[in-house]
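> For reference, the sequence and a predicted model appear below.
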Amino acid sequence: MKRWLGIVVVSLTVIISVGCASGSNRIPPSTIPIDNPDSQPSLSPATSPPAPECPPDRTFLDALAAGLPYDQAVIAHQAYGAESSLLVWLVSPSTLQSTVGENQAEAEQQAITAARLLSDASPCLESFDTLQMLIVDPQYRLMFSGSLRTIDLPNLQADQAGGGTELEQGGGRVDPPIEPAAGDDCTWPEASQKLVASFAELNLEAVFYFVRDAGGNNVYAQWSVPDLQTALTIPNFLPEIHSQISCLAPPASGISVLLTLPDGQSLLTGYQPIAEGQAFDSSTFTYTIIEQP
């Protein structure tokens, strides 16, 4: 039985195939089989009990992320038409990763483990169609990206991808103290905390995460807006994002933004390149408006 819907090992902007502006990459899905011959088939939609509805607000999503045994985790709600997804970004404890695609079985296991922990933590998970899993190593290099259907979570086991895992199957994480970087440099936890606080002062509940891959060292930002007119003011926010990440080492090469409506429907996606050693210029921001259902 195929469990994974897609696996991506190249540059990404948003893990859903929709139109995108120049500079924002879309990833075509591929499949990998993870079979469990002993699992029981899922109930058909006609006989399955309805999943509880939970509003995917920041309180709910942050509580889910805090329950995972990872030092850094971000969960964001993204909807495209009729499909509702949770993007789950995790920093793996593994230090073995050097290039995308290595230690694939280990990364798949961590994704399954995290998905099962989320499913055990909340009965609301099945109210979302998929979990879009993003796993990076401690240097934020992309290890794994894939899509998992929530209806399959009860039948998945952490050893289906092969190999072992050192993650505990329960409990929650305790955020370690953030150690400052040397000199004028800053770490991603330092920069992301400042970004969240800065946007909170503007009454915006934004999430940020960092991925280094073949497409560059990109900072991803997401928040909701009431309408398209407000979304089109996004260039006004880019200098603030840049000011908080300009100290990153290694430096960020771009800012990828997803704006959603309050119900999570994706509205606008865009990309802002960052040229090292040059003045920041938000006029180079390119975007695509996503057609609404």
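Sure, I can see it. Residues are numbered from 1 along each chain as shown.

> going forward, measure contacts between C-alpha atoms and count neighbours the same way
Fine.

> Can you mark which positions in the longest helix along the chain are buried?
Determined from DSSP state H, the single longest helix within the chain is helix 104-121. Neighbour-count burial for helix 104-121, counted by 16 or more other C-alpha atoms under 10 Å, picks out 104-119, 121.

> Dump the C-alpha coordinates for it into PDB.
The C-alpha trace of helix 104-121 is given here as PDB (Å, rounded to 0.1, in the frame of the first residue of the first chain):
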ATOM      1  CA  GLN A 104      16.900   8.900   3.000                       C
ATOM      2  CA  ALA A 105      15.500   6.000   5.100                       C
ATOM      3  CA  GLU A 106      16.400   7.800   8.300                       C
ATOM      4  CA  ALA A 107      14.700  11.000   7.200                       C
ATOM      5  CA  GLU A 108      11.600   9.100   6.100                       C
ATOM      6  CA  GLN A 109      11.500   7.500   9.500                       C
ATOM      7  CA  GLN A 110      11.700  10.800  11.300                       C
ATOM      8  CA  ALA A 111       8.800  12.100   9.100                       C
ATOM      9  CA  ILE A 112       6.700   9.100  10.000                       C
ATOM     10  CA  THR A 113       7.500   9.300  13.600                       C
ATOM     11  CA  ALA A 114       6.600  13.000  13.800                       C
ATOM     12  CA  ALA A 115       3.400  12.400  11.900                       C
ATOM     13  CA  ARG A 116       2.400   9.700  14.300                       C
ATOM     14  CA  LEU A 117       3.200  11.800  17.300                       C
ATOM     15  CA  LEU A 118       1.000  14.600  15.800                       C
ATOM     16  CA  SER A 119      -1.800  12.100  15.200                       C
ATOM     17  CA  ASP A 120      -1.600  10.800  18.700                       C
ATOM     18  CA  ALA A 121      -1.500  14.300  20.200                       C
END
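
> any idea where the strands of the protein begin and end?
Here the chain has its strands, by DSSP state E, at 4-8, 73-80, 83-91, 130-136, 142-149, 207-213, 216-224, 254-260, 266-273, 286-289.

> Figure out which of those strands is closest to Arg58.
strand 73-80 (8.1 Å; C-alpha to C-alpha).

> could you give the mean pLDDT of the closest one?
Here strand 73-80 scores 96 as its mean pLDDT.

> what angle sits between it and strand 207-213?
90 degrees (axes from the mean of the first three to the mean of the last three C-alpha atoms, to 10 degrees).

> Same question for strand 73-80: list its buried residues.
Buried, per 16+ other C-alpha under 10 Å, within strand 73-80: Ala73, Val74, Ile75, Ala76, His77, Gln78, Ala79, Tyr80.

> would you list those in a markdown table and tack on distance to Ala231?
Converted to a markdown table, the buried residues of strand 73-80 look like this (distance: C-alpha to C-alpha, whole Å):
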| residue | distance to Ala231 |
| --- | --- |
| Ala73 | 26 |
| Val74 | 22 |
| Ile75 | 21 |
| Ala76 | 18 |
| His77 | 17 |
| Gln78 | 16 |
| Ala79 | 16 |
| Tyr80 | 17 |
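
> what's the most distant pair in the residues you listed?
Ala73 and Tyr80 (22.5 Å).

> Counting neighbours, what do you get for Phe208?
A count of nearby residues for Phe208, using other C-alpha atoms under 10 Å, gives 22.

> Go ahead and confirm it touches Asn218.
No - with contact defined as C-alpha atoms under 8 Å, Phe208 does not reach Asn218; the gap is 10.4 Å.

> shared neighbours of the two, which are they?
Residues touching both Phe208 and Asn218 (C-alpha atoms under 8 Å, 6 or more residues apart in numbering): none.
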